[in-house]
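Asker: need a 3D model of the following:
(chains A and B)
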Protein chains: 2
Amino acid sequence: MPQSLVDLCLSVAQRAKAASVELATVSTAAKNAWLLASADALLANADAIAEANRRDVAAAPGFGLNAASIDRLTFTPARIRAAADGLRQVAALPDPVGEVREGGTRPNGLQVLKVGVPLGVIFFLYESRPNVTVDAGGLCVKSGNAVILRGGKEAAHTNALLTELLRAELPKFGLPADAVQAVPTADRDAVGHLLKLNEFIDLTIPRGGESLIRRVTAEATMPVLKHFQGNCHVFVDAAADLDMAVRVIVNSKCQRPGTCNAAESVLVHAAVAEEFLPKLGAALADAGVEVRGDAETCRRIPAAKAATDADFAAEFLDLIVSVAVVSDLPAAVAHIARYGSKHTEAIVTRDLAAARRFVAAVDAAAVMVNASTRFNDGFELGPGAEIGISTDKFHARGPCGLRELTTYKYVVTGDGHIRM
Amino acid sequence: MPQSLVDLCLSVAQRAKAASVELATVSTAAKNAWLLASADALLANADAIAEANRRDVAAAPGFGLNAASIDRLTFTPARIRAAADGLRQVAALPDPVGEVREGGTRPNGLQVLKVGVPLGVIFFLYESRPNVTVDAGGLCVKSGNAVILRGGKEAAHTNALLTELLRAELPKFGLPADAVQAVPTADRDAVGHLLKLNEFIDLTIPRGGESLIRRVTAEATMPVLKHFQGNCHVFVDAAADLDMAVRVIVNSKCQRPGTCNAAESVLVHAAVAEEFLPKLGAALADAGVEVRGDAETCRRIPAAKAATDADFAAEFLDLIVSVAVVSDLPAAVAHIARYGSKHTEAIVTRDLAAARRFVAAVDAAAVMVNASTRFNDGFELGPGAEIGISTDKFHARGPCGLRELTTYKYVVTGDGHIRM
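Answerer: Numbering: from 1, shown residues only, chains lettered A, B, ... in the order given. Model (predicted):
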């Protein structure tokens, strides 16, 4: 008798929970050995992975994917090698489980340690890039968590094989095979069933666009860590080095326009608009970027189109940028509060007071001063590989690496201490 | 025209959000001056507070409160002084806002700081003790958050006056008056309306019993940090110092039985049950504690009553304890996994390996080795005053003090850095 989808989801969640209990006390050495063996397994099976991926790519037009999305879906040999390297990098990172984060001895002799422990079971929803399957599997297991993966249906064959390869290596190192599981992607109802299972799933991480995030937030019964889009701004202050501002904007916009930390909007202080906008217009034209501007921008950059309100709210993920002139720094902060997504916001200025005001007033995971928005990334900020960039405030903000996938417990040791 | 409850709740939440934006950049000096002035205001108005409290106490039997609950509700002059002292202690604690938690300079010269920032608006629901109104107001404002307080209806008059006194001091130090607001307690619907307003409220903290927690978790559209009951265990290992075990159990149970970190259940390793249980029975009898035990416990402690399954799940908050004999340490861990509330769990043992196994395997905010469960408390563990003890895993576990009421942002400073 075939299992119903509800029973299947329940079984996946229960097995993940059981695996997470085992995984919480597994040695770092075993987890690292699994990561390295999984990297080898990806390379040894590169042909089979490429073949599975060809089936997904062939089916992609049927899912309405455009050329850019098909490119993201394609798992080239170089990308397979990069995914394997990613697992090796995770193996090289320190284990956040067992890490003593704070500690000391109280006046009464009681030793108090705050020790890193896994969250438990993570339900991770993501979209088309197959390398995310490998990255997420590696990061969750290294941080002692069991993971339930739910990739996009357009990558179903590739993801299924990748999951199978990661799972096959687990028992070889004494790790529970159910530490990594995937749920069927064909049926959207599976997500709804899993989001009810807060008895077994400790955290849901949706990484994707607005409709995914909205659905997960509405239905989840457990904590959710949103990895939402980035509508990132660069504000060119009155005291900006204008050439630096052009370089920072072009890099923020163009270095990799399809990423969430790419800039989507530029705000220009009115005091420098006349001098700055023509420079900016020329540089963006050279870089092939379409400008959608407010009235003043369109006056100074003749090639610009008139921006709509929707343009200022948009995450283009493309060579398009919205540009507005603002009367002063508070107006820039107000514009960002209205349209921003609390991801990454930048100011270009030589004025220390302006930098301090902007940093304090802007509510975002990362605030950049005289630096590209593209630096909001686990590798660039230091902690290394990440499962994504949190746009939530609670628990973790910005890059979510190994430590952000854990929590802590207090371990308190005495010799018969009682409270007076 | 009277405002509808929906409009009132919306207005409270919107004003809290506006206040939180102002509060995020207020100086530590201003917040501390407000705390000290509020302490003075409590003392100056002690008679009026006592009078308001007398009205609540007089009405308490109508709400079905028993003697212990009426005692908790009563705001004696000593308790008013203690609440004022609490505000002074919060003033003396370091400000978590602006605290640089981690920081460094990347190889490319980019300075990366992880800086403490407020969460925003906190909706705090709690039960009868009026001092919690003062503590929560002080902790939230010091940590830069606006707070919406919702105390128990049985403390309505006392809480209304306390909130008014705290609010009256805010504008004197340039702080927004709406940093502290209260919602009407008479209407249970207000909670439901507020739990929908995730656009304005960043976090809900329910502190109380199962029905409150269950309702808030089901209805909230924003993150929730649960301060649930404590069904805390003390496990007496085969290698325990049995006299120490008696002292730790009596203290855990009796030092303040009405608190969430009091022990509710004792587990005894079978190897020492015969020797230990009579000692324990005598000590608990001396302390006036009723024992509800499994079959073996009842054989060894003749005064014990037979425990039901519900007794092992109960948070008695009274001089009652459940006792069971377990075959070994894994059986103790399994019992705790089944009945515990992830609050505080203790082991008494001289065996280092047993201590390590117990600490690793038990999933709780705090694990005590040879120490009373009563030490899971902000003052005892170090960070100082707390809004309660989180039984959640996400964001904050254990005592929630000033730092746990904040999040962080990355502040990244360069001199025109672009990504290659």
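
Asker: please make it C-alpha for all contacts and neighbour counts, starting now.
Answerer: Noted.

Asker: any regions of the stretch 101-250 of chain A where pLDDT drops low?
Answerer: A:186 (pLDDT under 70).

Asker: so which residues of it form helices?
Answerer: Assigned by DSSP state H, counting those that start in this stretch, the stretch 101-250 of chain A shows helices spanning A:131-142, A:156-169, A:189-195, A:210-219, A:242-254.

Asker: in the fourth one, what's buried?
Answerer: Looking back up the chat, that one is helix A:210-219. Applying a neighbour-count criterion of 16 or more other CA atoms under 10 Å in any protein chain shown, one finds A:212-213, A:216-217 buried in helix A:210-219.

Asker: what do you get for the longest one?
Answerer: Within helix A:156-169, the residues that qualify as buried by neighbour count (16+ other CA under 10 Å) are A:156-163, A:165-167, A:169.

Asker: for the stretch 201-350 of chain A, which residues are neighbours of chain B?
Answerer: Contact residues, the stretch 201-350 of chain A versus chain B (CA under 8 Å from any CA of the partner chain): A:217-218, A:221, A:223-224, A:244-245, A:247-248, A:251-252, A:255, A:348.

Asker: repeat that for the stretch 51-200 of chain A.
Answerer: With CA under 8 Å from any CA as the criterion, the stretch 51-200 of chain A meets chain B at residues A:106, A:112, A:119.

Asker: mind checking which of these land in strands?
Answerer: The strands, defined by DSSP state E, take in A:V112 from these.

Asker: reformat the residues of the stretch 51-200 of chain A next to chain B as TSV; add neighbour count.
Answerer: Converted to TSV, these look like this (neighbours: other CA atoms under 10 Å in any protein chain shown):
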residue	neighbour count
A:R106	12
A:V112	21
A:L119	24
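
Asker: okay, the residues of the stretch 51-200 of chain A next to chain B in TSV with distance to B:A396 next?
Answerer: Listed next are these as TSV, based on distance: CA to CA, whole Å:
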residue	distance to B:A396
A:R106	21
A:V112	16
A:L119	12
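
Asker: within the helices and strands, which one has the residue lying closest to A:N131 once chain neighbours are set aside?
Answerer: With CA to CA, 6 or more residues apart in numbering or on different chains as the measure, A:A83 is the residue that lies nearest to A:N131, at 5.8 Å, once sequence neighbours are left out. A:A83 is part of helix A:77-92 when elements are defined by DSSP states H and E.

Asker: go ahead and confirm A:M368 touches A:T349.
Answerer: No - between A:M368 and A:T349 no contact is recorded; they are 10.8 Å apart, counting by CA atoms under 8 Å.

Asker: picking that back up, report the two of the buried residues of helix A:210-219 separated the most.
Answerer: Farthest-apart pair in the buried residues of helix A:210-219 is A:L212 and A:T217; separation 8.5 Å (CA to CA).

Asker: and for the residue of the stretch 301-420 of chain A found nearest chain B, the neighbour number?
Answerer: The minimum distance from the stretch 301-420 of chain A to chain B, using CA to the nearest CA, falls at A:H395 (3.8 Å). Residues near A:H395, counting by other CA atoms under 10 Å in any protein chain shown, number 22.

Asker: kindly confirm my reading that it is in a helix.
Answerer: No - using DSSP: H, G, I helix; E, B strand; the rest coil, the assignment for A:H395 is coil, not a helix.

Asker: tell me who's in contact with it.
Answerer: By CA atoms under 8 Å, 6 or more residues apart in numbering or on different chains, the contact set of A:H395 is A:404, B:394-396, B:407.

Asker: what comes up buried for stretch A:330-345?
Answerer: A:332-333, A:335-336, A:339-345.

Asker: measure how far that stretch is from the centre of its chain, please.
Answerer: Counting by CA atoms, centre = their mean, to the nearest Å, stretch A:330-345 is centred 20 Å from the centre of its parent chain.

Asker: swap in stretch A:168-176?
Answerer: Centroid separation between stretch A:168-176 and its chain, computed with CA atoms, centre = their mean, is 27 Å.

Asker: contact partners of that stretch?
Answerer: Stretch A:168-176 is contacted from outside by A:19, A:22-23, A:26, A:30-31, A:33-34, A:37-38, A:177, A:179, using CA under 8 Å, 6+ apart.

Asker: so what's A:R150 closest to, chain neighbours aside?
Answerer: Using CA to CA, 6+ apart and skipping residues adjacent in sequence, the residue nearest A:R150 is A:L125, 4.8 Å away.

Asker: which ones are touching that neighbour?
Answerer: A:149-151, A:204-207.

Asker: let's see that with 6 Å instead.
Answerer: A:L125 makes contacts with A:150-151, A:206, as judged by CA atoms under 6 Å, 6 or more residues apart in numbering or on different chains.

Asker: for A:S211, same thing?
Answerer: Contacts of A:S211 (CA under 6 Å, 6+ apart): none.

Asker: do you know how far it is from A:L277?
Answerer: Distance of A:S211 to A:L277, given as CA to CA, to the nearest Å: 35 Å.

Asker: same check on A:P399?
Answerer: To A:L277, A:P399 is 32 Å away according to CA to CA.

Asker: can you report how many residues lie near A:D47?
Answerer: Using other CA under 10 Å, A:D47 has 12 other residues around it.

Asker: and for A:D40?
Answerer: As a burial measure, A:D40 scores 17 neighbours (other CA under 10 Å).

Asker: for the closest residue to A:N145 other than its chain neighbours, give me its contacts.
Answerer: Distances taken as CA to CA, 6+ apart put A:G120 closest to A:N145, at 5.0 Å, once the chain neighbours are dropped. Residues near A:G120 by CA under 6 Å, 6+ apart: A:20, A:145, A:202.

Asker: A:G120 and A:L10: what is the separation?
Answerer: 16 Å.

Asker: now A:F375
Answerer: Separation of A:F375 from A:L10 (CA to CA): 40 Å.

Asker: please identify which of these two sits among more neighbours.
Answerer: Neighbour count, other CA under 10 Å: between A:F375 and A:L10, A:F375 has more, with 21 against 18.

Asker: tell me the confidence at that one?
Answerer: If you check A:F375, the pLDDT there is 97.

Asker: check the one 3 residues further on too.
Answerer: According to the prediction, A:G378 has pLDDT 93.

Asker: same check on A:N66?
Answerer: 83.

Asker: just give the number of residues close to it.
Answerer: A:N66 has 10 neighbouring residues, counting by other CA under 10 Å.

Asker: ok now stretch A:189-200, how far from the chain's centre?
Answerer: Mean-position distance between stretch A:189-200 and its chain equals 22 Å (CA atoms, centre = their mean).
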